[in-house]
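# Sequence and predicted structure are below.
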Amino acid sequence: MNNIINFFNINNIFFTFHGYQMSYLEFMGTLLNLWSVWLVTKNNILTWPVGNIAVILFGILFYHERYMGFISHEVEALSRDRHYDMYFLTDVDIPFVQDGTRDGQHIRQNMHRKFEDELKKKNKPYKVLSGSHETRVKIAIYTCDKILKEVKVF
């Protein structure tokens, strides 16, 4: 368990290159994003899961701020120059279910607003998924299909 925690610790340095210290988390995020770009060029279906894992780093930025009280510049740097055709932001209109790992409903709206504000601030394309689970999936699939129809293959 400590190895996992150490992996996500941004102060756990993997290597230093010309004075720049790179954490294990940053290194893995960079590799996943590069791999995702390469997979896109090969039109490989693994693009989606690899890209999604890399996007999780974007979420880590917010939770780092929530629990540590400040934004990690290292994590922010990982997400800064990434391009994704669409971000899906799930709405808070489905009832909250406590699973023992979540903070609670009292911060739900505020966290949703933080995610949306950050997407707007960084001019990222996003779609809020609202309604039932089935409706959300239909909207996401429709949006992805629309984006894929616009993709130009060289």
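Nice, thanks for sending it over.
# wait, is residue 16 part of a strand?
Yes. Using DSSP: H, G, I helix; E, B strand; the rest coil, the assignment for residue 16 is a strand.
# what number of residues lie near the nearest residue to it once chain neighbours are set aside?
In space, and not counting its chain neighbours, residue 16 is closest to residue 22: 7.3 Å by CB to CB, 6 or more residues apart in numbering. C-beta here means a position set from N, CA and C on the backbone, and glycine is covered the same way. Using other CB atoms under 10 Å, residue 22 is surrounded by 14 other residues.
# Return the per-residue confidence for the residue lying farthest from the centre of the chain.
Here the centre of the chain is the reference, and by CA atoms, centre = their mean the most remote residue is residue 18, at 28.4 Å. The model reports residue 18 with a pLDDT of 78.
# hey, what's the residue nearest to residue 16 bridged with?
residue 15 (DSSP bridges).
# Is residue 36 within a helix or a strand, and which one?
According to DSSP states H and E, residue 36 maps onto helix 24-41.
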